[in-house]
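Undergrad: kindly return the folded structure for what I paste below:
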Amino acid sequence: MGGSGAIGHQTVRAIHATYPDLPLLIGGRELTRAQNAAAEYGGAEGVLIDAASADLGLGQRKISAVVVLYKDPSLAALRFAQSRGVPHLSISSGVFEIAPEIASFMNAPDAAALVLGYEWLVGATTVPALHLTKSFGQVDEIRIGALVDEEDIGGPAVAADFEHLNHLMPAALTRRDGVYLWREGSDTRVVFSALDGTQVDATGFSSIDVVGLASSTGAQNVQFDLGMGITSSRRRGGKFSTEIIIDISGLDLKGEALHTRHAVVHPGGAAQLTGMGIALLLARLVGLDGKPPVKAGLYFPYQILDASHYLARLAQEGGQLLALPTNLTSP
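TA: Numbers count the residues shown, from 1 in each chain. Here you go, the predicted structure:
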């Protein structure tokens, strides 16, 4: 649903690259747009979504999973997925809006897998970060600095999501000294170093990555900051990319102080990296990769995605997980 938009296009591209014969329904609120998007791929069909109908206007079509790429305030897609007993993945809610989905799961916990795909670019931060924490015996602090190129604006649905989140959530959910709090005002403004060392002005962002990383690692300090500007690749004269700086501090496996700094980089930008993550999740949820489908439950993307597989696909698409000097400004 929302498959005719910018992220939808990248999601279908990523799925089709690995599973070219998989039949896909590209759902939209405008039939012509959905059909035009589907025409680019073999085995895809554009369909009109009727959110007021219990079957979304799909009748008795056999559906194996539902992916929602825009804000679905009525939870029509989730109700449909649970009624059919198929996995549901959504990516557009803010961390402050998850109560309706949690309530739906709690009232039907055995219906199917429900994935809270609101992590930054659908696992692009958490999956690499948790992979990197394997070299730590104790994680004390995780700081994330995400840099979005000003030319990497995505589609209208992406812009609408950011406007919605920024309007309703000016404070930034953060863990500090073991306590969750909301950074406000000047406390939200930070500077971090981009991949090439350039200083980036950023603002605290309430990503669900914060609670996922804190709860899975026990880190007492976790924060996420978002900057927009010129990415390092474009500063070098190339095309825009997307950058995520992951700064981790704690103790190594021998109990000695350890500080690492890495960057996740994708040359296709935010939408392409998001589409890649969604495609990998969908394949894992329904067992396209040959493994058993994911059992009913409530999941973060990083609980489903295999880090080695994720990083291999990232490299295949021209992306990288790069080790960086630790003497540059942290987010």
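
Undergrad: let me see the domain layout of this protein.
TA: For the chain, automatic domain parsing gives the domain ranges 6-120+274-306, 126-269+309-323.

Undergrad: and for residue 209, the neighbour number?
TA: Residue 209: 30 surrounding residues under other CB atoms under 10 Å. C-beta coordinates here come from the backbone N, C-alpha and C atoms, glycine included.

Undergrad: just the buried positions in stretch 57-65, please.
TA: Within stretch 57-65, the residues that count as buried by 16 or more other CB atoms under 10 Å are 58, 65.

Undergrad: and the helix or strand hosting residue 12, what does it pack onto?
TA: Per DSSP states H and E: residue 12 is located in helix 6-18. With contacts taken as 3 or more CB pairs under 8 Å, 6 or more residues apart in numbering; DSSP states H and E, helix 6-18 sits against strand 24-28, helix 31-38, helix 156-168, helix 270-286.

Undergrad: where among these is average confidence lowest?
TA: Confidence, taken as mean pLDDT, is least for helix 156-168 of those (a mean of 60).

Undergrad: please save the CA atoms from whichever helix or strand comes after it in CSV.
TA: Following helix 156-168 in sequence order, the next helix or strand is strand 172-176 (DSSP H and E). Extracted C-alpha coordinates of strand 172-176, given in CSV (Å, rounded to 0.1, in the frame of the first residue of the first chain):
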residue,chain,number,x,y,z
ALA,A,172,13.3,14.2,21.2
LEU,A,173,13.0,10.9,23.1
THR,A,174,16.4,10.2,24.6
ARG,A,175,17.9,7.9,27.2
ARG,A,176,20.3,9.7,29.6
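
Undergrad: would you mark the buried spots in strand 172-176?
TA: 172-175.

Undergrad: list the helices and strands it packs on?
TA: Where contact means 3+ CB pairs under 8 Å, 6+ apart, strand 172-176 is packed against strand 179-183, strand 199-204, helix 209-217, strand 221-229.

Undergrad: chain center to the third one, what's the gap?
TA: Using CA atoms, centre = their mean, to the nearest Å, we find the averaged C-alpha position of helix 209-217 to lie 14 Å away from the chain's own average C-alpha position.

Undergrad: before we move on, what about the first one?
TA: With CA atoms, centre = their mean as the basis, strand 179-183 stands 22 Å off its chain's centre.

Undergrad: orientation of whichever helix or strand comes after that strand relative to strand 179-183 in degrees?
TA: Using DSSP H and E, the helix or strand that follows strand 179-183 in sequence is strand 189-193. Here the directions of strand 189-193 and strand 179-183 differ by 100 degrees (axes from the mean of the first three to the mean of the last three CA atoms, to 10 degrees).

Undergrad: list the strands paired with strand 189-193, with their directions.
TA: Sheet pairing of strand 189-193 (DSSP bridges) gives strand 199-204 (antiparallel).

Undergrad: now do the partner strand and helix 209-217, the angle between them.
TA: Between strand 199-204 and helix 209-217, the angle formed by their directions is 90 degrees, by the same axes, to 10 degrees.

Undergrad: next, the buried residues of strand 199-204.
TA: 200, 202, 204.

Undergrad: from those residues, which single one is nearest residue 97?
TA: Proximity to residue 97 was ranked across these by CB to CB; first place goes to residue 204, at 17.7 Å.

Undergrad: between the buried residues of strand 172-176, which is closest to residue 130?
TA: Of the buried residues of strand 172-176, the one sitting nearest to residue 130 (CB to CB) turns out to be residue 175, at 15.6 Å.

Undergrad: how far away is that closest one from residue 183?
TA: As for residue 175, its distance to residue 183 is 11 Å (criterion: CB to CB, to the nearest Å).

Undergrad: then residue 264?
TA: Distance from residue 264 to residue 183, by CB to CB: 23 Å.

Undergrad: I'd say residue 68 and residue 1 touch.
TA: Yes: using CB atoms under 8 Å, residue 68 is in contact with residue 1, at 4.8 Å.

Undergrad: more neighbours, residue 264 and residue 183?
TA: residue 264 (26 against 21).

Undergrad: apart from its chain neighbours, what residue comes closest to residue 189?
TA: Nearest non-adjacent residue to residue 189, counting by CB to CB, 6 or more residues apart in numbering: residue 203, 6.1 Å away.

Undergrad: you'd agree that neighbour is up against residue 187?
TA: No: taking contacts as CB under 8 Å, residue 203 lies outside contact range of residue 187: 10.4 Å.
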